[in-house]
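Participant: Return atomic coordinates for the entry below.
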Amino acid sequence: SVEKKIIHQIAPHLAEPLPFIFPTYRSNKNWVLWKLKIGVKIYDLLCGGQNFGKSSWLNRAEVLQRVPGLKAEELNGAVCYYDGFTNDARLTIDTLRSAANHGAILLNYCRFRDGRHGELWECEIEDVLTGKKLLARARTIVNATGPWADGLTHSQVKLRLTKGIHLVVSRDRVPVPDTVVMTEGKRILFAIPWGERTILGTTDTDYHGSLDEVLADPSDIRYVLEVTNRFFSKAKLTERDVISSWAGLRPLIANPNGSPSDISRSHEIRNPEPGWWDVAGGKLTTYRLMAEQTVDQIVKALKRKTAPCRTVAEPLLPSAEINGVSGILPPDFNRDTVKHYCASEWAVHLEDVMVRRTSWHYYFADAAERSEQAAVWMGELLGWPETVRAEEIARYRAATGCKPGAKILSSVETLPQNVPGIHSMV
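Facilitator: Model (predicted):
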């Protein structure tokens, strides 16, 4: 909770308080109302007043008044608690923009191939846009590559990958005022309000497939819809109601025991050989703390004297660099917005703008049609000939499964931890 409040302070546009309503039912003995009441109060105490709001509870009538479409049969009541709400892609991009403002050199669409350690590390880097090979020298390398962390030559990381998916539907189909917790045995899923949309999810299953093609499988989609329909029976959701979906990977520290939901979300920082640092595990909520701890250890190992870390208090970006281009909800769909992403946020492909900079792909039911207009704007701004514009549209459709007149039922997003495109900071 301390880190959630810090992110709220340094990036308030990307960390909003989010109320949760957790209803309990007589038929599910895994979630008992009186135990949850005690649990949320203990949570308040452990937060030491640093949470986004004070927990409370509702009786049966109050729950149904607050969430009219919720299943009423066997409902006991609910607890209410607070968490944070963010946009993981925007938080990542804005952190990179902040780093650039402070002197960092950022390379987009470049791949680390290998590193050799002598007096300095010599790193072979490939520019995947041009095929050009680059050589970089450094005293220190930090391997913070999420689900790819255990695939680098010098890495000593051992991961257990789990997959989670989310679905986006129109909010008038599942009209939740706040986030509603939906239980399935011991598992919990969420219905999260997001502007004119509602986000449904997530799943938590072991993953052994390709890191470059992580999909929301039809069985995953059916599961989330079935659970949602049990809690909101009037919705009668089917796959036709799904505006978009995404799948992400959680790079958890390897532990063969227990179900995916039981595995710790703690992080590790290790220095297996001189100048090489592995950073793995953790959650998006603790990303700033992980970075601070990593840099502190590196500075100590290099025997350098530096000023204390100030990321705990310094705003991520000035407001002038945020307004109209960064937030939890997508920005306005216009040429000026696209111009900003091309000029100031390293966007070179259509999917960079539609998926990772704006979330337009996830939010708009007509994303395929909008992508064609966005491609026109990008072509004008980046000097694309007609052939390149057509290639970019084809590339975007191939990567996302998004075609004119069709729903988006599977989108690829490989994420650093338990984070979909928009998510609660649990």
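
Participant: where does the spatially closest residue to residue 265 that is not a sequence neighbour land on pLDDT?
Facilitator: The shortest distance from residue 265 to any non-neighbouring residue, by C-beta to C-beta, 6 or more residues apart in numbering, is to residue 283 (4.9 Å). All C-beta spots, glycine's among them, are computed from the backbone N, C-alpha and C. Residue 283 is assigned 91 on the pLDDT scale.

Participant: Kindly provide the distance from residue 283 to residue 163.
Facilitator: 16 Å (C-beta to C-beta, to the nearest Å).

Participant: Ok, residue 148 next?
Facilitator: 15 Å.

Participant: same thing with residue 7?
Facilitator: Here residue 7 is placed at a distance of 25 Å from residue 163 (C-beta to C-beta).

Participant: about what we covered before: between residue 283 and residue 163, tell me which one has more neighbours.
Facilitator: Relative neighbour count places residue 163 above the other of residue 283 and residue 163, with 25 against 20, counting by other C-beta atoms under 10 Å.

Participant: helix/strand/coil for that one?
Facilitator: With DSSP: H, G, I helix; E, B strand; the rest coil as the basis, the three-state label of residue 163 is strand.

Participant: could you measure it against residue 262, distance?
Facilitator: On the measure of C-beta to C-beta, residue 163 and residue 262 end up 16 Å apart.

Participant: In stretch 235-246, which residues are buried?
Facilitator: For stretch 235-246, the neighbour count (16 or more other C-beta atoms under 10 Å) marks 235, 237, 241-246 as buried.

Participant: residues near residue 218, how many?
Facilitator: Around residue 218 there are 11 other residues, counting by other C-beta under 10 Å.

Participant: can you count the residues close to residue 286?
Facilitator: Residues lying near residue 286 (other C-beta under 10 Å) number 21.

Participant: same question but for residue 117, I mixed them up
Facilitator: Neighbour count for residue 117, taken as other C-beta under 10 Å: 13.

Participant: who's in contact with it?
Facilitator: By C-beta atoms under 8 Å, 6 or more residues apart in numbering, the contact set of residue 117 is 154, 273-276.

Participant: Beta-bridge partners for it, please?
Facilitator: residue 121 (DSSP bridges).

Participant: Let's see the pLDDT reported for it.
Facilitator: On pLDDT, residue 117 comes in at 94.

Participant: Same question for residue 405.
Facilitator: 64.

Participant: again, but for the one 4 residues further on
Facilitator: The predicted local confidence for residue 409 comes out at a pLDDT of 49.

Participant: follow-up on the earlier one: return the backbone torsion pair for the residue nearest to residue 265.
Facilitator: Main-chain dihedrals, residue 283, degrees, to the nearest 10: phi -140, psi 160.

Participant: Contact partners for residue 317?
Facilitator: With contact taken as C-beta under 8 Å, 6+ apart, residue 317 is in contact with 11, 94, 97-98, 101, 326.

Participant: do the same with residue 388
Facilitator: residue 379.

Participant: can you check residue 152 too?
Facilitator: 112, 143, 145.

Participant: could you pull out the helices for the chain?
Facilitator: 2-10, 33-47, 60-66, 88-101, 218-231, 287-301, 335-344, 350-351, 360-363, 367-382, 386-400 (DSSP state H).

Participant: Compare those helices and give me the one nearest residue 122.
Facilitator: Residue 122 lies closest, by C-beta to C-beta, to one member of those: helix 287-301, at 18.4 Å.

Participant: pLDDT of the closest one, averaged?
Facilitator: On average, helix 287-301 scores 97.

Participant: ok, now stretch 382-395?
Facilitator: In this model, stretch 382-395 has an average pLDDT of 98.

Participant: For it, buried residues please.
Facilitator: 382, 384, 389, 392-393.

Participant: and the nearest residue to residue 107 once chain neighbours are set aside, how many residues sit next to it?
Facilitator: Computed as C-beta to C-beta, 6+ apart, the closest residue to residue 107 that is not its neighbour in sequence is residue 125, at 7.1 Å. Applying other C-beta under 10 Å, we find 17 residues neighbouring residue 125.

Participant: So residue 125 sits against residue 131, correct?
Facilitator: No. Proximity of residue 125 to residue 131 does not meet the contact threshold set by C-beta atoms under 8 Å, at 11.9 Å.

Participant: Only C-alpha atoms, please: export stretch 203-214 in CSV.
Facilitator: C-alpha atoms of stretch 203-214 as CSV (Å, rounded to 0.1, in the frame of the first residue of the first chain):
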residue,chain,number,x,y,z
THR,A,203,-7.4,-16.1,-15.1
ASP,A,204,-4.3,-17.6,-13.5
THR,A,205,-2.9,-20.7,-15.2
ASP,A,206,0.6,-22.1,-15.8
TYR,A,207,2.1,-21.2,-19.2
HIS,A,208,4.6,-23.1,-21.3
GLY,A,209,4.0,-21.7,-24.8
SER,A,210,5.7,-19.0,-27.0
LEU,A,211,6.6,-15.8,-25.3
ASP,A,212,5.9,-13.9,-28.5
GLU,A,213,2.4,-15.3,-29.1
VAL,A,214,0.4,-15.2,-25.8
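
Participant: what residues does it touch?
Facilitator: For stretch 203-214, contacts defined as C-beta under 8 Å, 6+ apart pick out 147-148, 151, 160-165, 187, 189, 220, 223-224, 247-250, 259-261, 412-414.

Participant: Now a ChimeraX select for only the buried ones of the contacts of residue 317.
Facilitator: Listed next is the ChimeraX selection for buried residues among these, using 16+ other C-beta under 10 Å:
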select :11,94,97,98,326
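
Participant: May I see the contacts of residue 317 organised as JSON lines, with distance to residue 72 and pLDDT added?
Facilitator: Formatted as JSON lines, these follow (distance: C-beta to C-beta, whole Å; pLDDT from 0 to 100):
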{"residue": "11", "distance to residue 72": "39", "pLDDT": "98"}
{"residue": "94", "distance to residue 72": "42", "pLDDT": "98"}
{"residue": "97", "distance to residue 72": "47", "pLDDT": "98"}
{"residue": "98", "distance to residue 72": "47", "pLDDT": "98"}
{"residue": "101", "distance to residue 72": "52", "pLDDT": "97"}
{"residue": "326", "distance to residue 72": "40", "pLDDT": "98"}
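
Participant: Kindly indicate which of the contacts of residue 317 lies nearest residue 349.
Facilitator: Nearest to residue 349 among these is residue 97, at 18.4 Å by C-beta to C-beta.

Participant: What is the neighbour count of the residue nearest to residue 163 when sequence neighbours are not counted?
Facilitator: Once flanking residues are discounted, residue 163 sits nearest to residue 207: 4.1 Å by C-beta to C-beta, 6+ apart. Residue 207: 18 surrounding residues under other C-beta under 10 Å.
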